[in-house]
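> dropping the sequence and predicted coords here.
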Amino acid sequence: MNGEATTPNTQNNLSIFLFGAILNILAALDYVSMVDYSIKAILGGIIWLAFKVAGDYLGERFENKKRKEKK
């Protein structure tokens, strides 16, 4: 063997380990609560966006009203 140490294919072993770890995490997840949280987050984002658009629109209207009153 000329004094060289043989090493196993560590890249393949690491890939198998990571794949198993990911599957283990996915198996332990509670999908119902994840879907519930996702729905709440999406609804919260929609409500925030509605307030943001309304605030921008009303802010512009008030600015235009103030400009007309000054002239």
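Arrived safely, thanks for sending. Numbers count the residues shown, from 1 in each chain.

> report the distance from the top helix by length along the chain to the chain centre.
Determined from DSSP state H, the single longest helix within the chain is helix 31-70. Helix 31-70 sits 20 Å away from the centroid of its parent chain (CA atoms, centre = their mean, to the nearest Å).

> okay, and for this protein, where does confidence drop off?
Applying pLDDT under 70 to the chain flags residues 1-10, 71.

> let's see it at 90
Where the chain drops to pLDDT under 90, the residues are 1-17, 23, 25-31, 34, 62-71.

> which helices and strands does the longest helix of the chain pack with?
On a contact count with 3 or more CB pairs under 8 Å, 6 or more residues apart in numbering; DSSP states H and E, helix 31-70 meets no helix or strand. Every residue, glycine included, has its C-beta placed from N, CA and C.

> buried residues in that helix?
Across helix 31-70, burial judged by 16 or more other CB atoms under 10 Å covers no residue at all.

> what separates Leu43 from Val32, distance-wise?
Leu43 sits 17 Å away from Val32, going by CB to CB, to the nearest Å.

> same check on Ile39?
Using CB to CB, Ile39 is found at 11 Å from Val32.

> repeat that for Gly59.
41 Å.

> Gln11 now?
When Gln11 is compared with Val32 (using CB to CB), they lie 37 Å apart.

> which helices and strands does the helix or strand harbouring Ile25 pack with?
Take DSSP states H and E as the rule and Ile25 turns out to sit in helix 10-28. Using 3+ CB pairs under 8 Å, 6+ apart as the contact test, no helix or strand touches helix 10-28.

> how far does it sit from the chain's center?
Helix 10-28 sits 22 Å away from the centroid of its parent chain (CA atoms, centre = their mean).
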